[in-house]
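*Asks:* From the sequence below, what's the structure:
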Amino acid sequence: MTTIKVALAERGYDVRIAAGLLARAGEALAPLARGRAMAIVTDENLAPHLATLRASLDAAGIASHPIILPPGEGTKSWAMLAELTDRLLALGIERSDHVIALGGGVIGDLVGFACAILKRGCQFVQIPTSLLAQVDSSVGGKTAINTSAGKNLVGAFHQPALVLIDPTVLDTLPPRQVRAGYAEIVKYGLIDDADFFAWCEANGAALIAGDPAARLHAIAHAVAAKARIVAEDERETTGKRALLNLGHTFGHALEAETGFSDRLLHGEGVAAGMALAFGFSAAHGIAPQADADRVAAHLRTVGLPDGLGSAQVDADGARLVDHMAHDKKMAGGTLPFLLARGIGRTYLDRNVDLTDVAAFLNAQRVPA
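*Replies:* Numbers count the residues shown, from 1 in each chain. Got it, this is the predicted structure:
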């Protein structure tokens with residue numbers, strides 16, 4: 001088993017990674033249960049994983065209460081937050097109890113936020129079942145729901161007490177979902193680890209195809225990178241953690257244009273957004289064009305979108321920039337962008353002119 005510590009003093013926790021860990025989760029959760037039943041929040045698509053987890057808890061002498069919600073981004077809503085908190089309260093959840101989030105980023109974000117506000121803060125455990133959640137959203141304590149104004153606009157920083165990652169649960173994930181999660185893995189190489197990006201170029205296709213060793217290596221590497229960054233800047237106040245948003249400002253605009261729907265999965269939006277961030281950097285003489293081309297080529301090779309056309313977005317630059325104006329990172333009327341001086345050399349730029357961004361995006365549009 002690989003154990004990675006997220007060093008946050010009294011809020012610190014372990015991320016444990018091992019094949020088959022879901023079936024042994026009861027051993028890890030017994031100290032947190034303290035003899036009480038545990039609530040498991042999951043979605044309707046995860047019945048086999050729920051059965052495995054409950055069997056493991058039973059074997060450890062822990063009773064469990066499943067709460068099964070609809071799948072999809074629509075579950076990160078005020079309505080579902082109200083329903084979930086009511087059901088947790090009906091179960092008699094105490095502040096010292098640990099609620100289990102079994103699912104992808106939607107379940108993890110919703111459960112984390114519910115636990116942040118329930119009785120002014122109770123504990124939770126992340127057991128992520130998607131690649132994206134395993135390498136990104138389950139670690140770092142960002143929790144949120146969506147609103148009519150945009151994605152993740154209401155939420156809280158609330159760290160889990162423990163994260164259990166079993167790479168074998170990815171074996172049942174649709175290939176498109178695996179590819180979308182892989183975009184977040186590539187991101188760590190592009191931020192500050194050029195050697196890891198080269199590893200991705202050599203091993204990305206095998207990882208997506210299901211190679212166990214490649215998956216285990218990439219998940220552990222990505223989690224360690226995120227743990228290091230979160231420990232340096234837990235609440236995104238110094239600019240260090242903001243580096244994790246590479247591709248997200250462009251990507252969220254594409255997601256907004258496609259209605260935050262299955263037309264463009266979050267990881268697909270991030271992939272296209274990273275290619276656009278490198279393309280913008282190259283167009284303005286900040287990054288070598290060869291690096292931007294190399295990033296786009298790798299994303300295309302593994303089947304991820306590398307720009308507006310492959311993301312199937314034909315909106316003009318002004319409309320996409322308007323989506324960006326609703327970004328929660330907007331401060332003092334300006335929007336910080338993650339740009340790059342090259343592969344592994346991402347930086348935060350607070351002086352980007354949105355007119356230039358709109359012009360760049362217009363140049364990227366594919367004629368109908």
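
*Asks:* what comes into contact with the helix or strand that contains Ala51?
*Replies:* Element membership of Ala51, judged by DSSP states H and E, is helix 47-59. Applying C-beta atoms under 8 Å, 6 or more residues apart in numbering, the contact partners of helix 47-59 are 22-27, 29, 33, 38, 40, 42, 63-64, 66, 68, 100, 102, 127, 129, 169, 172. The way it works is simple: take the backbone N, C-alpha and C, and place the C-beta from them, glycine included.

*Asks:* Looks to me like Ser261 is in a strand.
*Replies:* No. Assessed with DSSP: H, G, I helix; E, B strand; the rest coil, Ser261 is coil; it does not lie in a strand.

*Asks:* Report the contact partners of it.
*Replies:* Taking C-beta under 8 Å, 6+ apart, we find Ser261 in contact with Glu73.

*Asks:* and what of the one 10 residues further on?
*Replies:* Listed by C-beta under 8 Å, 6+ apart, the contact partners of Ala271 are Ala180, Ala183, Val186, Gly247, Gly251, Leu299, Leu304, Pro305, Asp306.

*Asks:* Checking it next. Helix, strand or coil?
*Replies:* Looking at Ala271 with three-state DSSP, the answer is helix.

*Asks:* Could you pull up the mean pLDDT of the helix holding Ala51?
*Replies:* This predicted structure assigns helix 47-59 an average pLDDT of 97.

*Asks:* mind listing what the very next helix or strand once past that helix pairs with, with the direction of each?
*Replies:* Next helix or strand after helix 47-59 toward the C-terminus (DSSP H and E): strand 64-69. Using DSSP bridges, the strands paired with strand 64-69 in its sheet are strand 38-43 (parallel).

*Asks:* now the partner strand, how far from the centre of its chain.
*Replies:* In terms of C-alpha atoms, centre = their mean, to the nearest Å, the centre of strand 38-43 is found 19 Å from the chain centre.

*Asks:* buried set for it?
*Replies:* Of the residues in strand 38-43, those buried by neighbour count under the rule 16 or more other C-beta atoms under 10 Å are Met38, Ala39, Ile40, Val41, Thr42, Asp43.

*Asks:* hmm, who's touching that strand?
*Replies:* Residues outside strand 38-43 that contact it (C-beta under 8 Å, 6+ apart): 29, 32, 49-50, 53-54, 57, 62-71, 75, 84, 88, 91, 93, 97-104, 106-107, 110-111.

*Asks:* at 7 Å instead, please
*Replies:* Outside strand 38-43, the residues that touch it by C-beta atoms under 7 Å, 6 or more residues apart in numbering are 29, 50, 53, 57, 62, 64-71, 75, 84, 88, 91, 93, 98-103, 107, 111.
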